[in-house]
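A.B. asks: model the structure of this input:
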Amino acid sequence: MELWIPLTVAAAFAQNLRSALQRHLRDELSTAGASYTRFAFGLPPALLYAWALATGFGVSLPSAHPQFLAISLVGGVAQIVGTMTLVAAVSSGNFAVGTAYSKTETVQTALFGIVFLGDSVSATAAGAIGISLIGVIILSNARSGFGSDVLLSGQSKRSAANGVVAGAGFGIAAVCYRGAALSLGEPNAFLAAATTLVWVLGAQTVIMTLWLALGEREQFAAICRHLGVATAVGIAGMAASVGWFTAMTLQKAAYVRALGQIELLFTFAASYLFFHERVNRLELVGVALVLGALLLLVLGAG
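C.D. replies: Model (predicted):
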């Protein structure tokens, strides 16, 4: 099995955990405040991880150059924009529509990878990405459902537009992270990914600190009241990012993000096994499509 596959699965699992932890903060913090914990509290363990890697391999981390810094900054900003826009998509309009359109991230990642990095996508992988997109949309909306009347409403159009922008933000971020890591010319994927992660988290922490300082200063005190959960969010987020960044250094971003849709299956399994929620037929169809697509992707990646 190629290393990028277990790294991606582990990253999806850690991201699922981080999202669950962040839910505990959303009642106490603003969207920006909760997002800030992901970056600011993820930076210290990321620095420790990078230092441990360099020490373990007996080398120095790759030196950053202007092109690397520029690509990393674009990716970091794109991820922040994607996160904020997704929140707008699901909170100011139709939740189901916004979520569904944000799932175009995998297709957009493939297109951005082709345009900006010259990545190619095999016919098998392209088919798998398309099937997984359909499966994820079905699974995301199996209980809420939306038809043409909902899709044509004004609110739903706004949610759809925000969802597409969110998907574009995440897609651009994924491609930038891969491009930045590859631009270092470092043959060790772990070192290249760790260097990229540290610089990206550093930039995101500075940006979000300024954001809160200028517009939501009270969030700093609120975060201090929830340091335990905030720290857990940062560690889980950093662990997920290590998996994503390393996997995308080893493999095309489109393949990694498509396989990362397994995160939704983790959520589905948890709701069924631990919360004993009932499963409907449409959800089973979505699960079958996603599982089949991921298997097809793993077999046809190359």
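
A.B. asks: for Val279, helix, strand, or coil?
C.D. replies: Assigned with DSSP: H, G, I helix; E, B strand; the rest coil, Val279 falls in the coil class.

A.B. asks: can you count the residues close to it?
C.D. replies: Number of residues near Val279 (other C-beta atoms under 10 Å) recorded here: 13. Just so you know, the C-beta spots here come from the backbone N, C-alpha and C atoms, and that holds for glycine as well.

A.B. asks: the worst-scoring helix or strand of the chain on mean pLDDT: what's the following helix or strand?
C.D. replies: The weakest-scoring helix or strand in the chain, judged by mean pLDDT, DSSP states H and E, is helix 148-151 (a mean of 45). Downstream of helix 148-151, the first helix or strand assigned by DSSP states H and E is helix 154-183.

A.B. asks: what residues of that following helix count as buried?
C.D. replies: 156, 158-183 (16 or more other C-beta atoms under 10 Å).

A.B. asks: counting by contacts, list what that helix packs against.
C.D. replies: Secondary-structure packing of helix 154-183 (3 or more C-beta pairs under 8 Å, 6 or more residues apart in numbering; DSSP states H and E): helix 66-91, helix 95-102, helix 105-112, helix 148-151, helix 189-215, helix 227-250, helix 253-259.

A.B. asks: now these as TSV including distance to Val279 and mean neighbour count?
C.D. replies: Shown next, in TSV, are these (distance: least, C-beta to C-beta, whole Å; neighbours: other C-beta atoms under 10 Å):
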stretch	distance to Val279	mean neighbour count
helix 66-91	23	19
helix 95-102	18	23
helix 105-112	24	24
helix 148-151	23	12
helix 189-215	37	20
helix 227-250	26	23
helix 253-259	23	29
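
A.B. asks: closest to Tyr272 out of those helices?
C.D. replies: Closest approach to Tyr272 among the helices and strands packed on helix 154-183 (C-beta to C-beta): helix 95-102, 19.2 Å.
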